[in-house]
Structures are given as structure tokens and as C-alpha cells.
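> 3D, please:
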Amino acid sequence: MSNTIEVTLPDIGDFAEVEVIEVLVKPGDRIEKEDSIITLESDKASMEIPSPEAGVVKEVKVSVGDQISQDNPLLVLETEEAAAEQKPVAGESAVEKQPPVKHAGSVPADTADAVADIRTQVLVLGAGPGGYSAAFRAADLGLSVVLVEKYADLGGVCLNVGCIPSKALLHTVDVINEAAELSHMGVSFGKPKIDLDKLRAGKDKVVKKLTGGLSQMAKMRKVQVVQGLGQFQSPKTLSVASDGQQTLIEFNHCIIACGSSAVQIPGFPNDDPRLIDSTGALALEDIPKKMLIIGGGIIGLEMATVYSTLGSQIDIVELQDSLIPGCDKDLVKPLQKRLSKQVNRILLKTSVEGVKTLKSGLKVSFAGENAPQDTTYDKVLVAVGRRPNGHLINAGVAGVEVDQRGFIPVDRHMRTNVPHIFAIGDVVGNPMLAHKATHEAHVAAEVIAGLPALFDPLTIPSVAYTDPEVAWMGLTETEAREKGIKYEKAVFPWAASGRAIGVGRDEGMTKLLFDPDSKRILGAGIVGVNAGELIGETVLALEMGADAEDIGLTIHPHPTLNESIGLAAEVAEGSCTDLPPKRKR
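Numbering: from 1, shown residues only. Alright, predicted model coming up:
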């Protein structure tokens with residue numbers, strides 16, 4: 001028996017009119033009760049409207065862009081008592097419990113009518129910090145989730161070959177350097193003996209502990225993980241290639257979190273194993289006697305810190321006139337001064353013109369103001385940036401816009417130009433930072449779940465985990481000068497910090513920028529040990545709209561490096577008693 005009914009928009013709260021941003025069904029589709037049929041967006045959130053009955057769609061009465069309100073007709077549905085016994089539906093909301101069916105060969109280009117191996121409400125493409133955060137948040141909100149990752153372990157570049165292993169190595173070399181510097185306190189140690197195999201194993205153990213923890217959390221949340229290379233086959237399907245086989249996944253919503261890749265320089269011998277990127281550097285296969293690092297940014301300087309401490313003779317070449325381009329030079333200065341004692345040469349305003357492979361090494365030619373003669377190195381690390389992976393996922397067949405550089409434009413809800421497809425992390429734009437990706441991930445998952453969420457931070461902090469660390473957030477002096485923004489600056493030098501002097505590291509400083517009129521904080525920069533741990537307070541101050549008085553009157557513990565933030569605010573207020581008084585003019 002069958003019966004035809006008209007499905008209308010139910011009461012959705014205090015909204016006079018809402019916009020239809022997506023129609024999820026078409027005539028002929030068989031749907032189950034509670035399956036989503038349209039997506040609406042108000043000024044507060046997006047929401048999906050479920051079907052009140054199971055049946056076959058006979059007519060759709062709304063289109064994308066329509067403004068509708070309560071009781072407006074949505075579709076005509078032919079209900080059936082036996083609907084539950086019919087074939088699987090397009091857009092089924094639950095993940096199938098049986099293992100995915102594998103089929104040999106490639107997925108046909110036209111998959112609109114293909115039978116999916118897996119169906120889910122949310123598919124997340126990429127399991128880096130953004131991807132796994134999106135998957136876990138969506139699962140916590142009650143949605144069925146499939147997480148696709150091309151590597152064997154979850155965590156992406158950050159956990160496997162980026163942030164985490166680099167910090168494990170940086171901690172090790174920090175301890176080595178601190179031990180050597182204790183001689184001024186009358187404590188001396190012998191020259192450290194480095195067991196490279198154990199060092200590598202220790203680094204890998206840290207990575208495995210974190211990636212293993214992610215796998216367990218995925219299981220606890222019933223997030224289905226599918227390993228392989230994922231590419232879109234249509235706006236609603238994605239194929240995953242693994243070991244010559246394909247798995248076809250059908251989804252209601254997708255979150256693209258495909259990340260970025262290290263830039264390779266055209267014309268260089270990129271197939272030579274002695275020319276490495278950050279992944280190769282962190283593999284720690286050996287300690288080269290002589291190593292060139294191309295790029296004086298954060299990644300290059302972190303690796304310079306590691307390898308110079310482990311015994312490599314390091315040259316750094318940077319095209320710009322300063323290390324960490326974009327960061328204020330006064331923050332970089334203490335780092336450059338210390339680093340110049342650890343490495344062989346820092347070559348600013350210099351470029352690499354060519355790299356020639358020799359049996360004895362890689363012969364490098366230079367150009368620029370400070371260009372040296374051709375030099376042969378055992379290894380060359382290319383650390384000149386990363387490129388988004390937007391062109392690697394076949395986004396075009398899904399209708400997703402990708403710009404020439406590989407970035408995917410999104411709105412503040414992290415939605416692409418295709419309403420049911422979202423994107424987060426490195427692939428949506430700079431800065432390419434894990435902590436940015438995780439916050440974007442939560443927004444995307446929450447919007448899909450119908451919650452009012454958007455990504456609208458006032459600032460995203462940056463940290464170079466060098467020695468000393470450099471951290472900054474908000475407005476920089478460089479940016480203020482370029483844009484003609486007025487500001488007031490307050491600096492507290494760590495030479496006046498009891499804690500910094502006590503640990504023998506008083507080369508740092510804390511700098512705060514304030515609005516001249518409102519006195520609200522505009523930006524901050526910190527250079528010194530553990531600067532990355534300190535910058536968070538200033539980010540919170542900016543987000544909360546704190547002014548110099550708020551920060552200066554906040555009682556910070558003494559003696560700490562953290563109190564330098566409060567003391568810098570006192571400098572701005574003219575109440576600091578830890579520095580000589582200002583000269584009267």
C-alpha cells in the first residue's frame with residue numbers, strides 16, 4: 001500500500017524566513033524516515049530538515065536560494081509500509097556495519113548511480129590535526145563519520161613527520177646545550193655520546209604513542225577509518241585507492257582536510273636522496289658532516305638547531321635580509337646572535353642558483369650580496385615553504401573551487417562553494433598551522449551538526465621553536481609601519497628579569513603593542529626560552545579586549561618569565577619599578 005503526502009517545513013524556531021542552501025534529494029529517490037531532505041541557513045546556524053516518513057520522492061517543491069518559512073511545501077512523498085525492505089537509499093545516514101566491499105579496478109567516472117561500499121553522514125578527507133579533530137567533534141555530536149587517511153597512522157604531517165618529532169628532537173638538543181652552559185655555575189659534564197639509533201627510536205616512540213592514542217580514540221567514538229588515497233568521484237562520493245583496489249564512499253557532508261606538501265625547487269636534483277625536505281631531515285638517517293639549509297624560516301632554523309647541536313657544520317642561506325621573514329627584526333636579533341655562534345655561516349640576501357650532483361656530495365652555487373664560492377655539502381635541506389594539496393583530490397568533479405595555488409576558498413563557516421562540502425587547515429590558506437586547523441575543524445563539524453559556529457579569530461599566534469624561541473601574535477611593528485597603523489610600544493628586557501638571569505638566559509625580551517587612544521593591546525612579540533609557552537596569555541588578552549591597565553594590574557607569579565608580560569604592560573602605564581625611571585624631557 002502507498003499514500004502520497006506533502007511534506008512541509010516544520011516549526012524551526014524564531015525565524016521568519018530562512019534560505020535553502022542545499023536540496024539533498026531528487027524525484028525518484030527512496031528515503032528513510034529522519035533522512036535529511038534540505039539544508040537551511042539562518043543568520044545563526046545551518047540546519048538540516050529531516051523527512052517525517054519513509055518513501056519515494058515524487059516531486060521537489062523548493063530550490064537552492066529560496067526563502068521559506070513554516071508550513072511552506074518542501075516535497076511530495078509517496079510513503080510505503082515496506083520502505084524499510086527496499087534497496088539502500090542515496091544519502092543513507094548511518095555507516096554500514098559490514099566491512100567495506102572492495103572492487104578491483106578504477107571507479108567509473110559517472111558514479112551517480114553506483115552502489116557505494118560505505119555510506120556516512122560525514123566524510124573527513126585527511127587525518128592530520130584538523131582532520132581527526134573534525135572527525136572526533138562530529139562523532140561527539142552524534143553524527144556517523146568516516147575518516148580517510150592515505151598513511152598507515154593517523155595524525156598527518158604534524159604528528160608523524162612534523163611538529164611532534166621535531167619538538168622531541170629539539171628538547172633533546174636543548175638539554176645538551178643547557179648541560180654545556182652549566183659550566184658557568186661550576187658544573188661540568190663530559191662531551192655527550194650520541195647513539196643515533198636510540199635517538200631515532202626515542203623520537204619514533206613519541207610519535208607512535210600519540211598516533212596510537214588517536215587510533216584508540218577513533219575506535220571509542222566509532223569513527224570508521226579507511227586507509228588509502230582519497231579522490232572525489234562526484235559531489236556526493238569519494239573513492240579511496242589502496243593496494244590496487246577501490247572503496248567507494250557516499251556521504252551527506254564532507255570536510256576536506258588534505259593539508260599541504262613541502263615545496264620542491266624546479267631544476268634541483270629532487271630525486272637525489274641527499275637533497276631532503278623536512279620529512280627527510282626528521283628521519284634522522286645520519287648526521288652529515290656538512291649541511292646546507294635553504295630557507296631561513298621556522299622549519300629551516302629548527303632543523304639548524306638540531307643538526308648543529310648533533311655535530312653538523314651548518315650553512316643557512318636566506319633570500320631576504322633577515323631570518324624568519326615577516327617577523328619583527330628586533331625579535332629575531334637575539335636568535336640570530338646565538339645561532340651565529342652555533343652554525344658555520346648565515347648567508348642573508350643570498351640565493352641558491354643551482355645544485356649539481358657529485359659522487360662526493362652536492363655542489364651548490366650561490367648568488368647575491370653575500371654569495372660565497374661554490375661549496376660541496378653532504379646534504380642539502382630545502383625548507384622554503386609548503387604548497388596546499390587542493391589540486392590532488394580531484395575536487396573539480398565535486399564542483400569545489402580550487403585556486404591556481406591549490407587553496408580552496410571557504411566562508412567563515414568553513415563551507416566551500418559547494419554547500420555540503422567544507423574545507424579546513426593548510427588547504428584553505430595561511431597561516432599553515434596545526435592550531436589554526438583544529439579550531440577550523442570544530443567549526444566545520446558544529447555547523448554540519450546545526451550548531452551556531454563560525455571561525456573569526458582576532459589573531460593566530462606563531463612560534464619558532466628555536467633556541468631561543470620566538471613567538472608573536474596580532475599586529476607586528478613591521479605590519480603597522482607598512483599599513484600606517486598608529487601604535488604605542490612597551491618593552492621589558494629580560495636582562496631585568498630575575499628568572500631569566502637565574503637560568504642564565506637573559507638575552508630575551510617581551511614586547512607589547514597598544515592602541516594609542518584606547519590602550520587596548522594590538523599585538524605582542526616575545527623572544528627567549530619558552531616564549532611559545534608565554535604568548536598564549538597575550539592572545540587571550542587580545543581576544544578579551546584587555547588594555548595595558550588590565551594586564552599590568554593582573555598579578556603574575558614571581559619570579560617567572562611569565563611576569564615579563566605584566567611588567568611590559570607596567571612600562572606602557574609608566575608604573576614599572578623594575579627598570580630605571582624614564583628620563584624627563
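> Give me the most central residue, this structure.
Among the residues of the chain, the one closest to the centroid is Ala434, at 2.9 Å (CA atoms, centre = their mean).
> Quick check, pLDDT for the closest residue to that one other than its chain neighbours.
Residue nearest to Ala434 in three dimensions, not counting chain neighbours: Pro129, with 4.1 Å by CB to CB, 6 or more residues apart in numbering. The way it works is simple: take the backbone N, C-alpha and C, and place the C-beta from them, glycine included. On the pLDDT scale, Pro129 is placed at 95.
> ok, Pro129 - how many residues close by?
The number of residues packed near Pro129 is 29, by other CB atoms under 10 Å.
> That one reaches Leu154, doesn't it?
No - with contact defined as CB atoms under 8 Å, Pro129 and Leu154 do not form a contacting pair (10.0 Å).
> all helices of this structure, in order?
129-140, 156-161, 163-181, 196-220, 278-283, 298-310, 329-342, 434-448, 477-483, 498-502, 531-544, 548-553, 563-573 (DSSP state H).
> could you redo the ones you listed as a markdown table and give each row distance to Gly361?
As requested, those are exported to a markdown table (distance: least, CB to CB, whole Å):
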| stretch | distance to Gly361 |
| --- | --- |
| helix 129-140 | 36 |
| helix 156-161 | 24 |
| helix 163-181 | 24 |
| helix 196-220 | 20 |
| helix 278-283 | 16 |
| helix 298-310 | 15 |
| helix 329-342 | 22 |
| helix 434-448 | 34 |
| helix 477-483 | 37 |
| helix 498-502 | 41 |
| helix 531-544 | 35 |
| helix 548-553 | 52 |
| helix 563-573 | 45 |
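> So which of those is the most surrounded?
By mean neighbour count, with neighbours taken as mean count of other CB atoms under 10 Å, helix 129-140 ranks first of the helices of the chain at a mean of 27.
> my read: Arg345 touches Gln313, true?
No - look at Arg345 against Gln313 with CB under 8 Å: they stay out of range, at 9.2 Å.
> low-confidence ranges in the chain?
Low-confidence segments of the chain, defined by pLDDT under 70, span residues 1-2, 14-15, 43-46, 80-114, 584-585.
> what do you get if the cut-off is 80, keeping everything else the same?
Scanning the chain for pLDDT under 80 picks out 1-2, 11-16, 34, 41-47, 80-114, 583-585.
> For the residue nearest to Val427 when sequence neighbours are not counted, name its beta-bridge partners.
In this structure, Val427 finds its nearest non-sequential neighbour in Pro388, 4.6 Å apart by CB to CB, 6+ apart. Pro388 has these beta-bridge partners by DSSP bridges: Ser260.
> where's the closest residue to Val56 other than its chain neighbours relative to Leu9, distance?
In this structure, Val56 finds its nearest non-sequential neighbour in Glu78, 4.8 Å apart by CB to CB, 6+ apart. For Glu78, the distance to Leu9 (CB to CB, to the nearest Å) stands at 19 Å.
> Next up, the contacts around the residue nearest to Val427.
The contact partners of Pro388, by CB atoms under 8 Å, 6 or more residues apart in numbering, come to Gly259, Ser260, Arg405, Gly406, Phe407, Ile408, Asp426, Val427, Met432.
> same deal with Thr510?
Taking CB under 8 Å, 6+ apart as the criterion, Thr510 is in contact with Val491, Phe492, Trp494, Ala524, Gly525, Ile526, Gly528, Leu534, Ser564, Ile565, Leu567, Ala568.
> what pairs with it across the strands?
Beta-bridge pairing of Thr510, defined through DSSP bridges, involves Phe492, Ile526.
> so which of the contacts of Thr510 comes closest to Ser63?
Of all the contacts of Thr510, Ala524 has the smallest distance to Ser63: 49.2 Å, by CB to CB.
> In contact with the closest one, which residues?
Residues near Ala524 by CB under 8 Å, 6+ apart: Trp472, Met473, Gly474, Thr510, Lys511, Leu512, Leu513, Ile535, Thr538, Ala541, Leu542, Ile565.
> now do 10 Å
Ala524 sits next to 459, 461, 471-476, 490, 510-514, 534-535, 537-539, 541-542, 551, 565, 568 when contact means CB atoms under 10 Å, 6 or more residues apart in numbering.
> again with Ser260
Contacts for Ser260 (CB under 10 Å, 6+ apart) come out as 128, 156-157, 385-390, 406-407, 425-427, 430, 432.
> Just list the residues touching the residue lying closest to Ile194 once chain neighbours are set aside, thanks.
With CB to CB, 6+ apart as the measure, Leu310 is the residue that lies nearest to Ile194, at 6.1 Å, once sequence neighbours are left out. Going by CB under 10 Å, 6+ apart, Leu310 touches Leu169, Thr172, Val173, Ile176, Pro192, Ile194, Leu196, Leu199, Leu284, Ile287, Pro288.
> burial measure for the fifth one, as a count.
Other residues near Pro192 number 14, with proximity taken as other CB under 10 Å.
> Who are the contact partners of it?
Thr172, Val173, Val175, Ile176, Ala179, Ala180, Thr309, Leu310, Gly311.
> do the first one as well
By CB under 10 Å, 6+ apart, the residues touching Leu169 are 199-200, 202-203, 206, 281-282, 284, 302-303, 305-307, 309-310.
> all strands of the stretch 51-200 of the chain, in order?
Applying DSSP state E, counting those that start in this stretch to the stretch 51-200 of the chain gives strands spanning 55-60, 67-68, 73-80, 103-104, 118-125, 145-149.
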